[in-house]
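**Q** sequence and predicted structure, then a few things I'm wondering about:
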Amino acid sequence: MISLPDAFKKFKSNLELNEKERTNASKRQIEVRKYLDQDFQIDRSFLTGSYARWTKSKPLKDVDIFFVLGKDEEHYRSKHPDEVLTAFYNSLVDAYGNDAVTKQGRSVGVDFGVVVDSADNTDYRVVSVDAVPAFVKGNNFEIPNNATGQWMGTNPEIHAAKAVAAHQAYGNEWKGLVRMVKYWNQNPRHGEKPIKPSFLIEVMAMQCLYGGWSGTHDREIQAFFATLRDRIDEDWPDPAGLGAPVSDRMDSAMIARAQSILNQANRDIATAINFSRQGKNGEALSAWRNFFGPKFPLS
Ligand SMILES: Nc1ncnc2c1ncn2[C@@H]1O[C@H](COP(=O)(O)OP(=O)(O)OP(=O)(O)O)[C@@H](O)[C@H]1O
Ligand SMILES: [Mg+2]
């Protein structure tokens, strides 16, 4: 039987991006860019968000691609952000069809119709991407935000630098742990994701995972889930200090629901840790598997 520390190591690597997935993501970026190039003047595009920071969980859904628009598209900046999102939507519907394309608050989603199997595998393919129209603004970017009807500042480099700093301060285990907690968050057992957006988990981890890495995943996860429960009701600003508060999608009903799910999670973690304390490794493995989902290995 696999030991618990080895199971966590394997779990961490199961949630890591591999070469085939990165090749597929690049291919999809080029493909979406090719379609958008027909309708927009795009200066450059790049894969970003959690994907680029190695904090994306599996399966690879909603991989963010920034499309940095050029001079010919400047007129959109003085318009409601919905205009450029609608224009992106129309362009991508022409390419991929109605069913595959969704207009969202800050991006347009494209679903590639990839099947996710019962073990959360996709044969190394990206399920969907979020195409984000962006303009350069000084050292930062401006992206649409339909929730406020305004353009919103953002800076992926600052987010990436903060993630790297947190990772290093935490024995290089921070990104792996963030991926695990994001994987827990999207477990279908919860129905809707309890914590929205999942970027909020990463933002909370930037501040809450400190004091170094103690050496065991189960204890670190226990401490982080206790903090998630205690502090999910706080305001969490954009770590770069530019965009809307990252916690602004959690209204009081969503917070109450998240707290109750997090309370249960804390109880489940205590049970799993108790099994280990009693030397019941098999039971501990199954408890963590139920907690996280099929990417947590039993062998
Ligand atoms: N409120 C915000 N203010 C500024 N930048 C933001 C804000 N929310 C998200 N971003 C930036 O946009 C990126 C994409 O947002 P998204 O919600 O997809 O998060 P994510 O980190 O990619 O998480 P996920 O793994 O769920 O895709 C984030 O990684 C972050 O860099
Ligand atoms: Mg994303």
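**A** On my side now, so go ahead. Ligands and ions are numbered 1, 2, ... in the order given.
**Q** any idea how many residues pack against whichever residue of the stretch 151-299 of the chain sits closest to ligand 1?
**A** Using Cβ to the nearest ligand atom, the closest approach of the stretch 151-299 of the chain to ligand 1 is made by Gly243 at 2.0 Å. Placement of C-beta: from N, CA and C, glycine included. Other residues near Gly243 number 21, with proximity taken as other Cβ atoms under 10 Å.
**Q** what do you get for Ile42?
**A** For Ile42, the neighbour count with other Cβ under 10 Å is 18.
**Q** skipping its backbone neighbours, what lies nearest it in space?
**A** Distances taken as Cβ to Cβ, 6 or more residues apart in numbering put Phe67 closest to Ile42, at 5.1 Å, once the chain neighbours are dropped.
**Q** please tell me I have it right and that neighbour contacts Phe40.
**A** Yes: contact criterion Cβ atoms under 8 Å: Phe67 and Phe40 qualify, at 7.2 Å.
**Q** the two: which has the busier surroundings?
**A** Each of Phe67 and Phe40 has its neighbours counted (other Cβ under 10 Å); Phe67 has more, 24 against 19.
**Q** ok, now which ones touch Asp72?
**A** Phe40, Gln41 (Cβ atoms under 8 Å, 6 or more residues apart in numbering).
**Q** report pLDDT for it.
**A** With respect to pLDDT, Asp72 scores 98.
**Q** that one belongs to a helix, doesn't it?
**A** Yes: the assignment for Asp72 (DSSP: H, G, I helix; E, B strand; the rest coil) places it in a helix.
**Q** number of residues surrounding the closest residue to ligand 1 within the stretch 1-150 of the chain?
**A** Per Cβ to the nearest ligand atom, Gly49 is where the stretch 1-150 of the chain lies closest to ligand 1, at 2.8 Å. Gly49: 22 surrounding residues under other Cβ under 10 Å.
**Q** same deal with Phe112?
**A** Neighbour tally, Phe112, other Cβ under 10 Å: 16.
**Q** pretty sure it is touching Ser128, no?
**A** Yes: contact status for Phe112 versus Ser128: in contact at 6.4 Å, counting by Cβ under 8 Å.
**Q** all set now, cheers.
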